[in-house]
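Engineer: Turn this into a model:
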Amino acid sequence: MTADTLLPALTAAARHAAHPATAAPCPCDAGDALLADRDDGTVVRHGDIVAKAHAPDTDPAALALRLSVAAGLPGVLLSPLTPASAGLLGRRVTLWPYGGPVDPDTPDAAPWEAAATLLARLHRAPAPDGLPPMRGPAKAARAIARLRAAGPHPAAVPVLRAWGALPGWARAEAPMPDVTTLCHGDLHLGQLVRHPAPDGPWLLIDVDDLGVGDPTWDLARPAAWYACGLLPTDEWLRFLTAYRAAGGPAVPADGDPWSALDVAARALTVQTAALAVAKSVAADRPLDEVQLAVVDACDRMSSAPPELTQGFAT
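Structural biologist: Presented below is the predicted three-dimensional model:
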């Protein structure tokens, strides 16, 4: 199935959800917008409705459990419009209300406190029986597989060396240390929206990686950015302080957080670097400044002991 086939069908699904009693053509002035088109999902918007076609290998039963979690945690996760996914051209499709995203052009207004508080509330919520493992480590392993398939590149050497030094759970080769905590699995600022837009409360979105596991993974991306020198100290501390204030269980209530965060932060750094190098090879272009920073951090990991109090950038 190609995008030429999927996109019109997905857009039609969003339009039908917005106007279920109206035949085509669409009776409103709302335009259609492609919000995302990646291997792991295609997302379109029509007015206040968003339709998402999940990855082709999505397990319908696991997705149903994840949707039930979202529906059962209003105020933490954006609730789906329907309790189950539908089939469309071999893909599972879900419908959601539109939420206003974080504005990338105003980094000073990034909702770090909201993200941290929502994470803490998620981590403290009970997980339903049968919920599959959080998919963060599996995504990191796929990034490494993509790097290895991309072909030779000098930057791949320190990335793969750093990957090999991680414990098995961070490489999806062994059970996670925590297999009971409810986790998001892929937390970054793109996973927050305001609903209703534009001034409603912040909510977490994207349940594809939701599951039980080690909650340190959900803090790992901002921790890694901080450790790599890409996130200012004050923003990192805003995030960490808000998470602790909300009773988040991933780190100690006070003192040094790195004894808990070090492994997951290293894993997210390796994942980020692996994807950067793979994309660089595919596009035949050099790494940019940010991408070089995460590759350099991978190189430093080889000589830096774990659980550094200041992260692994120094």
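Engineer: Now do the longest helix along the chain: distance to the chain's middle.
Structural biologist: The single longest helix within the chain, with elements called by DSSP state H, is helix 258-283. Between the mean C-alpha location of helix 258-283 and the chain-wide mean there is a distance of 13 Å, by Cα atoms, centre = their mean, to the nearest Å.
Engineer: For Arg194, name its beta-bridge partners.
Structural biologist: Listed by DSSP bridges, the beta-bridge partners for Arg194 are Gly100, Trp202.
Engineer: from what I can see it touches Ile205, true?
Structural biologist: No. Arg194 sits out of contact with Ile205 when judged by Cβ atoms under 8 Å, with a separation of 10.8 Å. C-beta: built from backbone N, CA, C; applies to glycine.
Engineer: Tell me the residues that contact both of those two, please.
Structural biologist: Listed contacts common to Arg194 and Ile205 are Gly99; contacts here mean Cβ atoms under 8 Å, 6 or more residues apart in numbering.
Engineer: Now His153: phi and psi?
Structural biologist: Main-chain dihedrals, His153, degrees, to the nearest 10: phi -160, psi 140.
Engineer: okay, it: pLDDT?
Structural biologist: His153 carries a pLDDT score of 97 in this model.
Engineer: how much space between it and Arg285?
Structural biologist: For His153, the distance to Arg285 equals 11 Å [Cβ to Cβ, to the nearest Å].
Engineer: Counting neighbours, go ahead and name the busier of these two.
Structural biologist: Neighbours of His153 and Arg285, each counted by other Cβ atoms under 10 Å, are more numerous for His153; the result is 15 against 9.
Engineer: so what's the more buried one up against?
Structural biologist: Under the criterion of Cβ under 8 Å, 6+ apart, the contact partners of His153 comprise 277, 280-281.
Engineer: any idea how this protein splits into domains?
Structural biologist: With automatic domain parsing serving as the domain definition, the record reports that the chain contains domains spanning 3-97, 107-301.
Engineer: among the ones you listed, which is the most enclosed?
Structural biologist: Comparing the domains of the chain on average neighbours per residue, with mean count of other Cβ atoms under 10 Å, the densest one is domain 107-301 at a mean of 19.
Engineer: mind checking the end-to-end distance for that domain?
Structural biologist: End-to-end distance of domain 107-301: 28 Å, with Cα to Cα, to the nearest Å as the criterion.
Engineer: next one: it to chain centre, how far?
Structural biologist: Shown here is domain 107-301, whose average C-alpha point lies 8 Å from the average C-alpha point of the whole chain (Cα atoms, centre = their mean).
Engineer: Now do the strands in the stretch 201-314 of the chain.
Structural biologist: Secondary structure of the stretch 201-314 of the chain (DSSP state E, counting those that start in this stretch): strands located at 202-204, 211-213.
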